[in-house]
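> Provided below are the primary sequence and the corresponding predicted coordinates.
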There are 2 protein chains.
Amino acid sequence: MTGTTTKKMNRGGEKIYQGLREDILCLRLKPGSVLDEAAIAARYAVSRTPIREAIIHLISEGLVERHGRVALVASLNFDNLPSIFDALLLSSRVVNREAACNRTREDLKNIRTKMLEFDRLCGDGSGVQRQDANLEFHMAIADAGRNEYFSSFYERMLLTASRLHQACFSNQVAAERSPEEQAELQQHLTATSQQHHRILEAIEARDADQADRLAVEHQELSFARLQNAVFGRNRDGFEAFSLAPEALGRR
Amino acid sequence: MTGTTTKKMNRGGEKIYQGLREDILCLRLKPGSVLDEAAIAARYAVSRTPIREAIIHLISEGLVERHGRVALVASLNFDNLPSIFDALLLSSRVVNREAACNRTREDLKNIRTKMLEFDRLCGDGSGVQRQDANLEFHMAIADAGRNEYFSSFYERMLLTASRLHQACFSNQVAAERSPEEQAELQQHLTATSQQHHRILEAIEARDADQADRLAVEHQELSFARLQNAVFGRNRDGFEAFSLAPEALGRR
DNA sequence: AGTATTTTTCTTGTATACATGAAAAACATT
DNA sequence: AATGTTTTTCATGTATACAAGAAAAATACT
């Protein structure tokens, strides 16, 4: 017998949770839009009960907010972009450091698998798929760090950042991209992939300082692209980067 | 009209959530014990629906875990004590730094209020009350840091640590304490209170480095006491403190 | 007696029905 | 016509009923 998928399919609320989460992260559900329980229940062909459970789960994950009695998809105001950057940068550094110190051989295998999956999708994947593979790669690193508290914090920040990137880039379909935009995308993907490889090397070498530095670079690359998309080429008036990169010393 | 408390008392699930949370944090509900929905529903004289909502909320907060279909109060295994310490130390440092940089005059007032409340309870409060006041004091600091992501991470760690302390100290009632224990407690409370005052001073002076140092001291004091309680006077075999205290440079 | 199997019970997951409060729409009044 | 009031509608919160699966208990068989 297979044992896991054969006949026990209880806790269907999890399915709805996953589905809604996907929809929110891909911005198929737009920030600020209301989550109508009845409508969702109809869409998934279940009663309202599992829907409510999923919504509560999403609320405590930060992807949904309550305004009075209605549940809204969490807004994506760019006001707190500096906060997001700070938190993502710090969590990323910590997680990569810890991974470099604590990784096992199994961890390396997992990370490499995810990394190659991302590389593969750089050729023929959709933006959503790449975003997902990217997230899995970084979470594989987080798992290697062996600290569930840092991991879950990091995951939350990655999810938040993922939505931001979706909002800035993925709204235009591939077919509608201009040649320049296409070139820029490919160049960015190549750079990202290279950084992934170097990060894995550092973790494999147990070089925490190097992993830290690379994590900073990686985050800065990612956010710099975001900044350009949001504010054009203008860097002024955007005072993120409030935590010093060269901090968080060796252990 | 008062507007907030007069007649709209909907979302009773929140009440149950608060109640259960209290019970878990104070260890009235022991780690590992099962949460029987029907039983709790009877206790609170409501149906199972709001109970389930509360439980889901608690699960995503880390205070309750699912094992198969049953919900258990999150276990307090001391295996991951190093993880907890690392995460608490780092979040504490960051939050105190940020508070020192971003605090307003209102923030200072809030922090001072909470601080004095804690001091008051050092004289004639229960362990639970003090723990609560302590948490509110530190969360007031976190609020002053103006980064909701760091704040919520910090809160989670404070909650976890709070349960640990309850587990180690609060299980013995005040009446049962020996004179030596009583003296040790008072000495600890005095030291804690003094650190609070110095932390507030540093934040008021916008001295981020000092706030950082004091946060480290504060956490080490707290955890050293925990260690003594858990492992006696023996510090060996307990390899927490894995993140260097003198890290996370200035901004 | 010990173990395997069946039956029973109990707890959770889901659906539906009802209550309540809020927003919107219709109406009336100035 | 504009505004204030009333009514209606609709979404959410809660309760209850039912279904299903798992643990426990009882029975039967070796």
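Ah, there it is.

> Which phi and psi values does the residue nearest to A:S83 when sequence neighbours are not counted adopt?
Among residues not flanking A:S83 along the chain, B:N147 sits closest, at 4.4 Å (C-beta to C-beta, 6 or more residues apart in numbering or on different chains). Where C-beta positions appear, they are placed from N, C-alpha and C, glycine not excepted. For B:N147, the backbone dihedrals (degrees, to the nearest 10) come out as phi -140, psi 100.

> Can you give me every residue that contacts B:N147?
A:N80, A:S83, A:D86, A:A87, B:V95, B:E98 (C-beta atoms under 8 Å, 6 or more residues apart in numbering or on different chains).

> Tell me how far A:D23 lies from B:T113.
43 Å (C-beta to C-beta, to the nearest Å).

> And A:S60, by the same measure?
According to C-beta to C-beta, A:S60 and B:T113 sit 28 Å apart.

> Compare those two (neighbour count), which wins?
A:S60 (16 against 13; other C-beta atoms under 10 Å in any protein chain shown).

> can you give me the strands for the stretch 1-150 of chain A?
Ranges of strands in the stretch 1-150 of chain A, per DSSP state E, counting those that start in this stretch, are A:64-67, A:70-73.

> Can you give me the buried ones in the last one?
Pointing back at strand A:70-73 there. Residues A:A71, A:L72, A:V73 are the ones in strand A:70-73 that count as buried (16 or more other C-beta atoms under 10 Å in any protein chain shown).

> Show me chain A divided up by domain.
The domain map for chain A lists A:13-73, A:78-231, with the assignment taken from automatic domain parsing.

> Format those as a markdown table; extra columns: mean pLDDT.
Output for the domains of chain A, formatted as a markdown table (pLDDT from 0 to 100):
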| stretch | mean pLDDT |
| --- | --- |
| domain A:13-73 | 92 |
| domain A:78-231 | 91 |
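
> so which of those gets nearest B:G13?
domain A:13-73 (8.8 Å; C-beta to C-beta).

> ranges for the helices of chain A?
Using DSSP state H, the helices of chain A run over A:13-25, A:37-44, A:48-61, A:81-102, A:105-124, A:127-144, A:148-165, A:179-204, A:208-231.

> Export those helices as JSON lines, with columns for distance to B:E220.
JSON lines is the format used below for the helices of chain A (distance: least, C-beta to C-beta, whole Å):
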{"stretch": "helix A:13-25", "distance to B:E220": "39"}
{"stretch": "helix A:37-44", "distance to B:E220": "48"}
{"stretch": "helix A:48-61", "distance to B:E220": "31"}
{"stretch": "helix A:81-102", "distance to B:E220": "19"}
{"stretch": "helix A:105-124", "distance to B:E220": "30"}
{"stretch": "helix A:127-144", "distance to B:E220": "26"}
{"stretch": "helix A:148-165", "distance to B:E220": "18"}
{"stretch": "helix A:179-204", "distance to B:E220": "29"}
{"stretch": "helix A:208-231", "distance to B:E220": "22"}
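
> Near DNA strand C, list only the ones from the buried residues of strand A:70-73.
Near DNA strand C, taking C-beta under 7 Å from any atom of the strand as the test, no member of the buried residues of strand A:70-73 is found.

> how much space between A:V94 and chain B?
Distance, A:V94 to chain B, by C-beta to the nearest C-beta, to the nearest Å: 6 Å.

> do A:C101 as well
8 Å.

> you'd agree that residue is up against A:D209?
No: the pair A:C101 and A:D209 fails to qualify as a contact (C-beta atoms under 8 Å) at a distance of 10.8 Å.

> So which bits of the stretch 1-150 of chain A are right by DNA strand C?
Counting by C-beta under 7 Å from any atom of the strand, the stretch 1-150 of chain A sits next to DNA strand C at A:N10, A:R11, A:G12, A:G13, A:V46, A:S47, A:R48, A:T49, A:P50, A:E53, A:G68, A:R69.

> repeat that for 6 Å
Listed as neighbours of DNA strand C in the stretch 1-150 of chain A under the rule C-beta under 6 Å from any atom of the strand: A:N10, A:R11, A:G12, A:G13, A:V46, A:S47, A:R48, A:T49, A:P50, A:G68.

> Can you tell me which of these are buried?
Buried, going by 16+ other C-beta under 10 Å: A:G13, A:V46, A:P50, out of these.

> among those, which are within reach of DNA strand D?
Within those, nothing lies near DNA strand D by C-beta under 6 Å from any atom of the strand.

> wait, which of those is closest to B:L35?
Taking C-beta to C-beta as the measure, B:L35 sits nearest to A:G13 out of these, at 16.9 Å.

> Could you measure from the residue nearest to that closest one when sequence neighbours are not counted over to A:L20?
Nearest residue to A:G13, sequence neighbours excluded (C-beta to C-beta, 6+ apart): A:P50, at 3.6 Å. According to C-beta to C-beta, A:P50 and A:L20 sit 11 Å apart.
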